[in-house]
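Asks: Kindly return the folded structure for what I paste below:
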Amino acid sequence: MTWHVDADRRTKGLYWQRALGLVGGCTPVSPACDGCWAAGEAHMRAANPNAKVAAANAGLTCPAGHFNGTVRVRMERLKIPTPRQRPAVWAVWTDLFHEKVPGPFINKALQRMKECPQHTFLICTKRAERMAEFFNTVPGRDASLPNVVLMVTAENQVTADERIPQLLRCEGWRKGLSCEPLLGPLDLSKWLHGRCTRCGDDHAECACTFSGTSEEATAEAERCTGSAIDWITCGGESGSKARPSHPEWFRSLRDQCKAAGVPFHFKQWGEWGWGENHHDFKDESPMRDRHGCFATHSHRLSGLRCGEFEIGCTCGGEQKHMVRVGKKEAGRYLDGKLHDGFPEVADA
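Replies: Got it, this is the predicted structure:
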């Protein structure tokens, strides 16, 4: 199995080779949406001097630069991967399972992915419930595609608890988590290492019931072992309004993945770095956090005891001195190592 992303892109922390923008626009639904890079891009491109580019992005965002709920499907882009014979990993933007994206369009997108077995497609959604309903209720959609990885965003424990159980309802599919931006600590032990891929419980205490032939029972037992999640990628936030992530949040995810044998990918620290040399960094851009605290040079981020994305001042728990240095300066080394784990997908 080969993860078809060029070395220069991997070096930058990018885990996809090409973007497939099938959906324009979205609706904010959770804390991760506050600093959505896609909304910022659309807002900027709406003022592009190229009339075609401007028209494609016009009306998708509000004056503040956030998505306003307008959604456009881009039927003409379905054909883009077909003539490209060189295998590549494609990231599908923005949210294919947004409630305003018609089911027939989703079917056409999946059919096109099926017709391109040389490629790998990453479908990441914040609408996990709709995705699960789609694959469990739409006729003919109970068969998985070996070159597709279904993913949900889990930026904190609340969203993880809401979305991962829905992701697990998509039986037979390869599954991944995008924990970027990571805005709080995550305990994924319920879904890692020896967990039932249907209910998430320890397989020894699995509440799922089964009756059938001995061969079917054996297959069911095999399904109830191993990790329910095939891959985890995580990273800090970038952009002008980026929020810092505590180093222990990333370390915890790394250690959980290692214990469960799940590939772990650390994409970036984001705008905020930390370390012994923080006094050498310069930050000329003031930032106001959600407590109203004003920071110009550095930013105090409380630790695991507080654990919510809005923390920004010294409010208890272990402290780390986080400094806004820019994502290039902050880099993507975690405790001196790069983490470039990828899931197994079928080669064409």
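Asks: Please make it C-alpha for all contacts and neighbour counts, starting now.
Replies: OK.
Asks: ok, how many other residues are close to the residue nearest to Glu329 when sequence neighbours are not counted?
Replies: For Glu329, ignoring the flanking residues on the chain, the nearest one in space by C-alpha to C-alpha, 6 or more residues apart in numbering is Gly273 at 7.9 Å. The number of residues packed near Gly273 is 27, by other C-alpha atoms under 10 Å.
Asks: Three-state assignment for Gly273, please.
Replies: The local conformation at Gly273, judged by DSSP: H, G, I helix; E, B strand; the rest coil, is strand.
Asks: before we move on, what about Leu122?
Replies: Applying three-state DSSP to Leu122 yields a three-state assignment of strand.
Asks: thinking again about what came up before, so what's the residue nearest to Glu329 up against?
Replies: Shown in contact with Gly273 (C-alpha atoms under 8 Å, 6 or more residues apart in numbering): Met322, Val323, Arg324, Val325, Gly326, Glu329, Ala330.
Asks: what bridges to it?
Replies: Bridge pairing for Gly273 (DSSP bridges) gives the partners Val323.
Asks: What does the pLDDT read for it?
Replies: On pLDDT, Gly273 comes in at 81.
Asks: what does Ala204 give?
Replies: Ala204 carries a pLDDT value of 45.
Asks: Could you check how far the residue positioned nearest the centre of the chain is from Asn107?
Replies: With distances taken as C-alpha atoms, centre = their mean, the residue of the chain nearest its centroid is Ser178 (2.3 Å). In this view, Ser178 and Asn107 are 23 Å apart by C-alpha to C-alpha, to the nearest Å.
Asks: where does the closest residue to Leu253 other than its chain neighbours fall, phi/psi-wise?
Replies: Nearest residue to Leu253, sequence neighbours excluded (C-alpha to C-alpha, 6+ apart): Leu186, at 7.0 Å. The phi/psi pair for Leu186 (degrees, to the nearest 10) reads phi -130, psi 130.
Asks: what's Leu186 in contact with, if anything?
Replies: Leu186 touches Asn156, Gln157, Ala160, Trp249, Ser252, Leu253, counting by C-alpha under 8 Å, 6+ apart.
Asks: doesn't Met44 make contact with Ala58?
Replies: No. Under the criterion of C-alpha atoms under 8 Å, Ala58 makes no contact with Met44, lying 9.7 Å away.
Asks: before we move on, the earlier item: which pLDDT value goes with the residue nearest to Leu253?
Replies: 96.
Asks: tell me the contacts of Val92?
Replies: With C-alpha under 8 Å, 6+ apart, Val92 has these contacts: Ala19, Leu20, Gly21, Leu22, Phe121, Leu122, Ile123, Cys124.
Asks: that older thread, so the residue nearest to Glu329 versus Arg45, what's the distance?
Replies: The value you get for Gly273 to Arg45, if C-alpha to C-alpha is used, is 29 Å.
Asks: just Asp340 next, same as before
Replies: As defined by C-alpha to C-alpha, Asp340 lies at a distance of 31 Å from Arg45.
Asks: Leaving out sequence neighbours, find the closest residue to His4.
Replies: Spatial nearest neighbour of His4, excluding adjacent residues (C-alpha to C-alpha, 6+ apart): Ala88 at 4.8 Å.
Asks: So in that sheet, which strands flank the helix or strand hosting Val152, and in what orientation?
Replies: Using DSSP states H and E, Val152 sits in strand 148-153. With DSSP bridges as the test, strand 148-153 is paired with strand 120-125 (parallel), strand 174-179 (parallel).
Asks: Between Asp340 and Arg45, point out the one with more neighbours.
Replies: A count of neighbours by other C-alpha under 10 Å puts Arg45 above the other of Asp340 and Arg45, at 19 against 16.
Asks: That one and Ala51 touch, don't they?
Replies: No. The criterion here is C-alpha under 8 Å, and Arg45 misses it with Ala51 at 9.9 Å.
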